[in-house]
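# Need a 3D model of the sequence below.
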Amino acid sequence: INESLRLAKASRVAVAASDADLGLLLALEGLPGPYGGERPWSTDAASALVNAMHHFPNECQPPGSESLREAAISHDGTLALLTSGGKTIEVWKLSDVSRISYFTVDGDYRHAEFSPDGSQVLVVLVDGSARLLDSQTGSRVHDFSIEDRFDQMRFSSDSKRLISVSGAGATSLWDAASGKKLRDIQADENGSIVSPNAAHVLLWRNSKTLVLQGAETGHIFQTLVHQGAAVDAVFSPDSAHIFTVFKAPLAPSGDARQNIGVLWDTGTGKRLRQIELDDDFTYATFSSDGTRLVTYFGYANPDMDSKAVLWDVMNGKQIREFSWVTREIGFSPDGSKIYSIDDGHVVRLWDPNTGREIMTFPHDREIEHVQVSNDGRQLITVSENSFLESNVTLWDVASGEEVNVLADIPDSSIDTFFSATSAGAVRI
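Here you go, the predicted model:
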């Protein structure tokens with residue numbers, strides 16, 4: 001295996017030096033079977049081969065094959081969706097890196113993703129239409145089409161509905177079971193947020209006022225008024241609560257304005273509690289059960305460390321503070337762990353109850369995204385390499401060991417990863 005690692009590294013050096021033939025041959029030599037010598041399987045060598053094919057598709061690509069174009073991970077972290085060329089889609093099982101289905105679509109596509117339950121694949125085509133496929137068989141479930149081209153389309157958290165945005169900015173709600181459009185949503189120019197269950201749409205009426213609209217009826221049934229400009233809003237995963245943040249009115253002394261966080265009841269529109277936040281508030285995210293909230297503060301001053309604060313949603317009290325969180329922080333799907341990205345190259349897992357650090361996962365690349373599997377046993381990271389591509393790595397949480405590196409993918413595809421998360425809402 002050490003020889004395979006050495007060959008994989010040498011392949012990457014050759015590719016960086018624009019030597020296509022050598023880069024391909026070195027990566028092939030590091031693989032077992034008919035490609036190279038009697039070697040064990042090496043994900044690094046396979047990754048190096050994909051890297052060479054990405055940089056030199058004409059020189060390196062074997063006849064009749066297509067290079068990896070895009071990838072996505074299922075909500076529970078067990079499946080990977082790989083798209084090649086413009087029409088080929090593959091579904092892989094991550095635990096043993098085996099392909100479970102392979103199918104093509106009759107048209108070039110711009111985006112593909114899993115439904116949150118992993119049973120279906122949504123494909124948005126270049127011609128502006130969209131298609132829903134069975135992830136196990138590839139059989140067509142529904143076709144979606146509108147007068148304007150689809151710009152994007154996403155699942156609701158329960159996989160029962162789809163939210164689409166057309167090239168003209170029109171937003172629509174669809175029923176995933178029947179494929180029928182339920183209604184058009186009047187989006188606000190300042191943006192809108194669809195609740196995880198796709199039952200509500202939160203719109204900015206003006207800088208201080210947000211209105212809650214029924215997604216199916218369009219009826220406005222709640223108005224959330226703030227004392228200052230609202231800068232952020234997020235639904236709890238069960239859609240029962242909304243957390244908004246606004247800028248407090250300017251103090252007479254001229255000091256920096258503080259951010260105020262407000263927890264609202266979605267059903268009644270009642271303001272439940274209010275917490276004071278630092279003026280460098282960046283974003284907030286709920287735990288999966290909606291009982292805890294993390295607020296992240298990214299300081300503009302490079303000499304100051306960013307931080308995150310864990311709150312008890314029920315009583316509005318601060319539980320603890322996490323420092324050295326320089327990019328991102330969030331909950332595992334079961335709420336038993338908190339992950340953070342430290343200085344861009346280290347992922348840390350924390351126990352939210354004790355604040356104890358559970359495990360660290362160092363990377364030699366810049367980390368872009370993190371996801372913890374539903375059972376908390378595996379961690380998936382996306383990190384960027386020097387070739388403007390991204391590495392997808394599967395980790396064992398208990399040991400901190402790297403399990404598999406699935407593939408290198410073009411950096412332009414990074415937004416497709418983890419599109420279905422437990423964080424709380426689809427922002428349009």
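# Would you state the strands of the stretch 301-428 of the chain in chain order?
Along the stretch 301-428 of the chain, counting by DSSP state E, counting those that start in this stretch, strands occupy 307-312, 317-323, 328-331, 338-342, 346-350, 357-362, 366-372, 378-384, 389-396, 402-410, 426-427.
# so what's the residue nearest to residue 98 when sequence neighbours are not counted up against?
Excluding its sequence neighbours, the residue lying closest to residue 98 (Cβ to Cβ, 6 or more residues apart in numbering) is residue 92, at 6.7 Å. Where C-beta positions appear, they are placed from N, C-alpha and C, glycine not excepted. Counting by Cβ atoms under 8 Å, 6 or more residues apart in numbering, residue 92 touches 79-82, 98-100, 406.
# For those, point out the one with the lowest pLDDT.
Least confident of those in the model: residue 406, at 58.
# quick revisit: which one of the strands of the stretch 301-428 of the chain lies closest to residue 115?
Smallest distance to residue 115 across the strands of the stretch 301-428 of the chain (Cβ to Cβ): 13.2 Å, for strand 426-427.
# What mean pLDDT does the closest one get?
32.
# re the thing from before, now distance to residue 154 and mean neighbour count too, for the strands of the stretch 301-428 of the chain, in TSV please.
Listed next are the strands of the stretch 301-428 of the chain as TSV, based on distance: least, Cβ to Cβ, whole Å; neighbours: other Cβ atoms under 10 Å:
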stretch	distance to residue 154	mean neighbour count
strand 307-312	26	20
strand 317-323	30	14
strand 328-331	19	24
strand 338-342	23	23
strand 346-350	26	20
strand 357-362	28	15
strand 366-372	17	21
strand 378-384	19	22
strand 389-396	21	21
strand 402-410	20	20
strand 426-427	5	17
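# could those strands go into CSV alongside distance to residue 25?
Output for the strands of the stretch 301-428 of the chain, formatted as CSV (distance: least, Cβ to Cβ, whole Å):
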stretch, distance to residue 25
strand 307-312, 47
strand 317-323, 47
strand 328-331, 39
strand 338-342, 36
strand 346-350, 34
strand 357-362, 31
strand 366-372, 29
strand 378-384, 26
strand 389-396, 20
strand 402-410, 18
strand 426-427, 45
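# where does residue 138 fall, phi/psi-wise?
When read as degrees, to the nearest 10, the backbone of residue 138 gives phi 80, psi 0.
# Please spell out the ChimeraX selection for the buried subset of the contacts of residue 92.
To isolate the buried members of the contacts of residue 92 in ChimeraX, using 16 or more other Cβ atoms under 10 Å:
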select :79,80,81,82,406
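# what comes into contact with stretch 331-343?
Residues outside stretch 331-343 that contact it (Cβ under 8 Å, 6+ apart) are 76, 285-289, 291-292, 294, 308, 310, 322, 324-330, 347-352, 358, 360, 367, 370, 372-376, 379, 397, 422.
# now with 7 Å?
Applying Cβ atoms under 7 Å, 6 or more residues apart in numbering, the external contacts of stretch 331-343 come out as 285, 287-289, 292, 294, 308, 322, 324-330, 347-352, 358, 367, 370, 372, 374, 376, 422.
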